[in-house]
Each structure stands twice: as structure tokens, then as C-alpha cells.
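In: Sequence first, then the predicted structure, then my questions.
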Amino acid sequence: MTTDTTTRIGGVINGREHTFEVDNSLLLLDLLRDLGLTGAKPSCEMEVCGACTVQLDGLPVSSCSTLAIEFDGRTLETIEGLGVSEESLHPVQQAFLKHSAFQCGFCTPGMVMTAKALLEANAAPSREDVVHWLEGSICRCTGYEPIVDAVLDAAEAMARG
Amino acid sequence: MQILSDFQLHRPATVEEAVQLRGELGDGAALYAGGTELLLAMKMGVLDYDHLIDVKRIDGLRGIEVREGALRIGAATTHREIETSQIVQEQIPALASLARHVANVRVRAAGTLAGNLAFGEPHADPAALLAALDATVELVGSAGRRSVGIEEFVVGAYETDLGEDELIEAVVVPLPQAQTKATYLKFQVLERPTVGVAAVVRNGDAPVVVVGAVDDRPIRVDATGDVEDYVNAAQDAVDPVDDLSGSAEYKRHLTGVMVRRALEELAR
């Protein structure tokens, strides 16, 4: 049912169908964290840092500043939907490991989902394309170069198949 | 987490339904598309609405087409759709480039051009270039439709000419002639531009230069002479304030630098 201030929504999260009755004011990040999907992090909470990034119909969004109702009828991917063992890691995750593209790991779920979204939109990005796409994804550990190297490496790995 | 207060959600299917809702709900309702400005302001408690009118599902508010010699950008079109549109890239590359550098990829994926204009945030990119290109917004309300130039539409900081029961249907940009050159340059250290300068030269005419993000609204530079004339006129015309992006003196200096760079780019 739907009341004055709630809405019934449904869509796919990491390959599985879900339906919810949510407050219209519920933020997507809170919906995910209540489901135990805590990879996306609340951080700046104003669409600046990228730590809460998930993919909605393939594109990166700030889940901290997106209403949960926007999930309705759409496909959502979070870091939890990617590989969980060393053998099953996504090429972006493998490249992050290889290049030591993280230290504390706080930004990494958002960074990986942002990078994955880029490679789905542009399979052969230039270094400039990667840097431009990652603007607004803040990492305080790495100095960014290993992350850019990792994304370019992942693109090559994915092209090789 | 920051908590939003409750609101009713309305999802009109047509422009007429949206106009009717606007009329019925008055200032207790906000138009909602990408939410990239609105939701932040609501989370901070700066704005509070009992109703949001989601215009994204309205037929005909999405998409980019060429109609009657102009590029017509539906109100619910996102910055990313403009950035990646082949029509925009071919017809008005400066607009595609501007869209490519709005905020960050997440904001571009959700935020809309019309929403950016309707929110009236002064520290934004699109209004200056749209003004220099003589763009208009097409508004629809209970009294019918009207077309308003960008400089008339943007009244001040967070203030526009949008009527209480109106919404933007489209942003309309006249197609530049083949000889027309346009550019938009900005300087930015935080999330929003410190200074943005749009310059357009049409077929050998004196350049049109508009400075954005410095004042509450875009400032058209009143000059027709050489680059120095434009630089001086622009620095006289702006009225900057000290803020996190820099001091007033710094922003006035930067305005001159960006005007010079924009005109030099067009002269190449």
C-alpha cells in the first residue's frame, strides 16, 4: 500500500528483485545500509566526496542525496554485488589490488563503483577521461595516481576479456 | 544521518497535471527533478516542503531536438544527456563542454539543466553561456505558455521569474550560424565556479561577453572595442563579494583574466 508520505517501490539490487514500502523522505543510502549493504558510506553528505556512490541503471549516483523512491523500477548495483573472494574479483577490484589503489579503504567502494560505471560507458578511456570522471571522488590516502593507473589497467584487462 | 522531513510525492503524467498541482499546492510544494540542489537544501533544513512534484515522468519533458532553427532541451534533460548528446556536440560544442564540466559525474547524471536555472543558485555554470547564446526558457502555467530570455528569467540569487503555478517545459537555444564561435571558461577551486565567462562572436560582430557566478545573476559586459576594453568593462561591471571562493578583489582580477582568455580563444 501507499500512504500520503510513503510509496511502494520495487527494483533489482545486485541481481535480486526487492520491493519496499518506504517513507518518501528516505534516502537511498539509508535504505541500503538498513539492508546490511554498508559498503557505500555516508561522508560529506552533499554529493562532493563520492564515498556513497552506487550505480543506478549503470550510472554513478550519490546515494546520500538520492531519494530511495528513485530506485523504483530500476537496477541498482553496490560494491557487495561484485566479487567477494580473490578469485571472483571484478577486474576493477583486481586492478585496485595490483596497484595498491587504496590504503584505509573508506573511499574504495565508491571509487570502484565509479570506475566500473566509467568502463561500462567508455570501454577505452584516455587518462584524461579517467581523471575527469573521478573528479568528485575524494581519496585522502593514495594521491590518486595509483587509482588512475588501476582504472586504465582494468580497462585493458576487460578489453582482453 | 541527516533526516528529511516527510512530504507527499506527486508524479503528474502531463504538463497540465503538473500546472494544476502547482496551482492547488502553492508554495507548500516544490518542483522536483534531479534533486541535486533541492535535496541538499532540504537536508540542511534551509528549505522545507510538504509536497514534491516529480516532473521526471512527464511525457515530452525529456530529450533534445532541433526545432525551428533552435536546439530544444526538455526540462528534465540531465547535464550528462546534454554532455553526451551528438546533436549538442555538433551544433553547440561549447554547451556540451560546459555540461561535461558541471560539478561531478554523479551530479551530472541526476541534475537537470532546467532545474539548475530554476533553482537560481548564482554559483553555477549554465546561465552565463545560455545568456550569451540568446537562449530562452519556455514556461507553462494556468495562463498558458510564454517564452522568457535567460537574463529576464534569472532575477537574483535563488530568485527567478517562474510563476507560482508555472514550470519550465524546455530550454531553447537558437542554433548558431556556421561562422559563430562560442566558448565558456571557468575558474574553480571548490565544487562551484568562482568565475565563469561566456563569449560568443557572430560573423565578425563585436563579441558578446557574459560573466557568471560572480554576481547574483549573469552580467553582460557592455563593450565593443578591443580585448582591453572588455577586460576593463567586465571588471567595472561585476560586484563581487568576499566568500570561500576568494576575496572580492581577487574575483574582480580573475574576471579580467578569464575574459581575456575567452576572447583570445575566440580570436584564434
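Out: Done, it's in.

In: And what about A:P125, helix, strand or coil?
Out: coil (DSSP: H, G, I helix; E, B strand; the rest coil).

In: That one touches A:W133, doesn't it?
Out: Yes - in this structure, A:P125 is within contact of A:W133 by Cβ atoms under 8 Å, at 7.1 Å. Every C-beta, even on glycine, is put in place using the N, C-alpha and C of the backbone.

In: nearest residue to the residue of chain B found nearest chain A other than its sequence neighbours?
Out: Chain A sits closest to B:N104 of chain B, with a gap of 2.5 Å, by Cβ to the nearest Cβ. Excluding its sequence neighbours, the residue lying closest to B:N104 (Cβ to Cβ, 6 or more residues apart in numbering or on different chains) is A:G136, at 2.5 Å.

In: what does A:E47 give?
Out: Once flanking residues are discounted, A:E47 sits nearest to A:S62: 4.3 Å by Cβ to Cβ, 6+ apart.

In: The one you found: neighbour count?
Out: 31 (other Cβ atoms under 10 Å in any protein chain shown).

In: re earlier: confirm that the residue nearest to B:N104 sits in a helix.
Out: No - going by three-state DSSP, the assignment for A:G136 is coil, not a helix.

In: follow-up on the earlier one: dump the residue contacts of the residue nearest to A:E47.
Out: A:E47, A:G50, A:C52, A:T53, B:R106, B:V107, B:A110 (Cβ atoms under 8 Å, 6 or more residues apart in numbering or on different chains).

In: now the fourth one: how far from B:L133?
Out: Yep, that's A:T53 we're talking about. A:T53 sits 33 Å away from B:L133, going by Cβ to Cβ, to the nearest Å.

In: And the third one, by the same measure?
Out: Counting by Cβ to Cβ, the gap from A:C52 to B:L133 is 35 Å.

In: State the pLDDT value of A:T2.
Out: pLDDT recorded at A:T2 is 65.

In: One more: B:E152?
Out: 98.

In: That one: neighbouring residues, count only.
Out: B:E152 has 13 nearby residues by other Cβ under 10 Å.

In: Nearest residue to it in space, ignoring adjacent ones along the chain?
Out: B:D161 (5.9 Å).

In: The one you found contacts B:I150, correct?
Out: No - judged on Cβ under 8 Å, B:D161 makes no contact with B:I150 at a distance of 10.1 Å.

In: Looking at those two, which is more packed in?
Out: Set B:D161 next to B:I150 and count neighbours by other Cβ under 10 Å: B:I150 wins out with 24 against 15.

In: Surely that one is in contact with B:P218?
Out: Yes - taking Cβ under 8 Å as the definition, B:I150 is a contact partner of B:P218 at 7.2 Å.

In: what do the two both touch?
Out: B:A127, B:A131.

In: Just the pLDDT at the residue of chain B closest to chain A, thanks.
Out: With respect to pLDDT, B:N104 scores 97.

In: which residues in chain B form strands?
Out: In chain B, the strands defined using DSSP state E lie at B:8-10, B:29-32, B:51-54, B:64-67, B:70-74, B:136-141, B:144-149, B:154-156, B:159-160, B:167-174, B:181-187, B:195-201, B:208-212, B:219-220.

In: Show me which of those strands has the highest average neighbour count.
Out: strand B:195-201 (a mean of 27; mean count of other Cβ atoms under 10 Å in any protein chain shown).

In: Make sure B:L52 is actually in contact with B:L9.
Out: Yes - here B:L52 lies in contact with B:L9, judged by Cβ under 8 Å, at a distance of 5.7 Å.

In: so where does the residue nearest to A:A115 when sequence neighbours are not counted fall, helix or strand?
Out: Among residues not flanking A:A115 along the chain, A:V151 sits closest, at 4.6 Å (Cβ to Cβ, 6+ apart). Element membership for A:V151, per DSSP states H and E: helix A:145-160.

In: what distance separates that helix from the centre of its chain?
Out: In terms of Cα atoms, centre = their mean, to the nearest Å, the centre of helix A:145-160 is set 17 Å apart from its chain centre.

In: Give me the packing partners of that helix, helices and strands only.
Out: helix A:91-98, helix A:108-121, helix A:127-134 (3 or more Cβ pairs under 8 Å, 6 or more residues apart in numbering or on different chains; DSSP states H and E).
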